[in-house]
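J.: let's see this in three dimensions:
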Amino acid sequence: MDIQLIINNFFSILQGLDETLILIFLSLILGFFISIPFALARVSSIKILSQSIYYYIFVIRGTPLLVQIYLIYFGLGSIKAVRDSFLWVLLKEPFWCGVIALVINTVAYTTEIFRGGIQSVNKGQIESCESLGMSKFTMYFRIILPCAFRQALPAYGNEIILMVKATSLISLTTYMEMTGIARSIMYKTFAPVEAFIAAGSIYLFLNFLVVQLIKFLEWKYNPHLRIKT
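T.: Residues are numbered from 1 along each chain as shown. Now for the predicted structure:
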């Protein structure tokens, strides 16, 4: 193993960090805000709404992300009606195909995480809100959702970690983020170990930061769980 080559590769791959971070942040932010109404629909008493979201989640969670990326990037581009539509402005770009695939995927998982958080809220809190004459809108956005987010933090932290790693698959659409650069280095140097050790170390550090962030948020928003010394 060539240590110097790993170091050289590390700095080369680091040039794609901004592209990876854009993928991560854009996908997570869009996914987060879409997941909230989806989770509310999932626990809704309106059966057709709840069932529609259930089947969407079932299909997305039941199929590999790689297949979803290929269907969006290669599959939609083979449909003439799509190529002739306004959607082609986005779908012809590997970046936006990657973002769409990541958002669709993370929404399915995050919706279920938030659903679990919502359903874990103590019924006594809901009854207290109702006894005070609080409207459903106020009850959800001032009581239920904040409690649900606190409950969902550990599971959502895992989803963020998975999304950081999932961005590496976008390189298969020819988009040159960190894994894409690592692959091009591998083809040039014929040294896959040195290329992907360098790339893996950066992903590991990103996920280390994610873990620390989730730990901090849990400590901040769950004071009753703090260990007193």
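J.: switch to C-alpha atoms for all contacts and neighbour counts from now on
T.: Fine.
J.: buried ones in stretch 12-20?
T.: If you call a residue buried by 16 or more other Cα atoms under 10 Å, then stretch 12-20 has these buried ones: 12-14, 16-17, 19-20.
J.: now the residues you listed in JSON lines, with distance to L5?
T.: Formatted as JSON lines, the buried residues of stretch 12-20 follow (distance: Cα to Cα, whole Å):
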{"residue": "S12", "distance to L5": "10"}
{"residue": "I13", "distance to L5": "12"}
{"residue": "L14", "distance to L5": "14"}
{"residue": "G16", "distance to L5": "17"}
{"residue": "L17", "distance to L5": "19"}
{"residue": "E19", "distance to L5": "23"}
{"residue": "T20", "distance to L5": "22"}
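J.: closest to V193 out of the residues you listed?
T.: I13 (13.8 Å; Cα to Cα).
J.: contacting residues for that closest one?
T.: Going by Cα atoms under 8 Å, 6 or more residues apart in numbering, I13 touches 178-179, 181-182, 198-199.
J.: out of those residues, grab the one that's most surrounded.
T.: When neighbours are counted by other Cα atoms under 10 Å, M178 leads the contacts of I13 with 29 neighbours.
J.: now intersect the contacts of I13 with the helices, please.
T.: 178-179, 181-182, 198-199 (DSSP state H).
J.: what would those residues look like in a markdown table with pLDDT and distance to V210?
T.: Putting the ones in helices among the contacts of I13 into a markdown table (pLDDT from 0 to 100; distance: Cα to Cα, whole Å) gives the following:
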| residue | pLDDT | distance to V210 |
| --- | --- | --- |
| M178 | 93 | 18 |
| T179 | 93 | 19 |
| I181 | 93 | 23 |
| A182 | 93 | 22 |
| A198 | 94 | 19 |
| A199 | 94 | 17 |
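J.: name the helix or strand of the chain that has the lowest mean pLDDT.
T.: helix 123-131 (a mean of 78; mean pLDDT, DSSP states H and E).
J.: show residues contacting the helix or strand following that helix.
T.: Sequence order places helix 136-139 as the next helix or strand after helix 123-131, per DSSP states H and E. For helix 136-139, the external contacting residues (Cα under 8 Å, 6+ apart) are 126, 129.
J.: and the next helix or strand after helix 136-139 with helix 123-131, angle?
T.: The element immediately downstream of helix 136-139 (helix or strand, assigned by DSSP H and E) is helix 145-166. Computed by axes from the mean of the first three to the mean of the last three Cα atoms, to 10 degrees, the angle separating helix 145-166 from helix 123-131 equals 130 degrees.
J.: who's in contact with the nearest residue to I72 once chain neighbours are set aside?
T.: Distances taken as Cα to Cα, 6 or more residues apart in numbering put C97 closest to I72, at 6.2 Å, once the chain neighbours are dropped. By Cα under 8 Å, 6+ apart, the residues touching C97 are 69, 72-73, 90-91.
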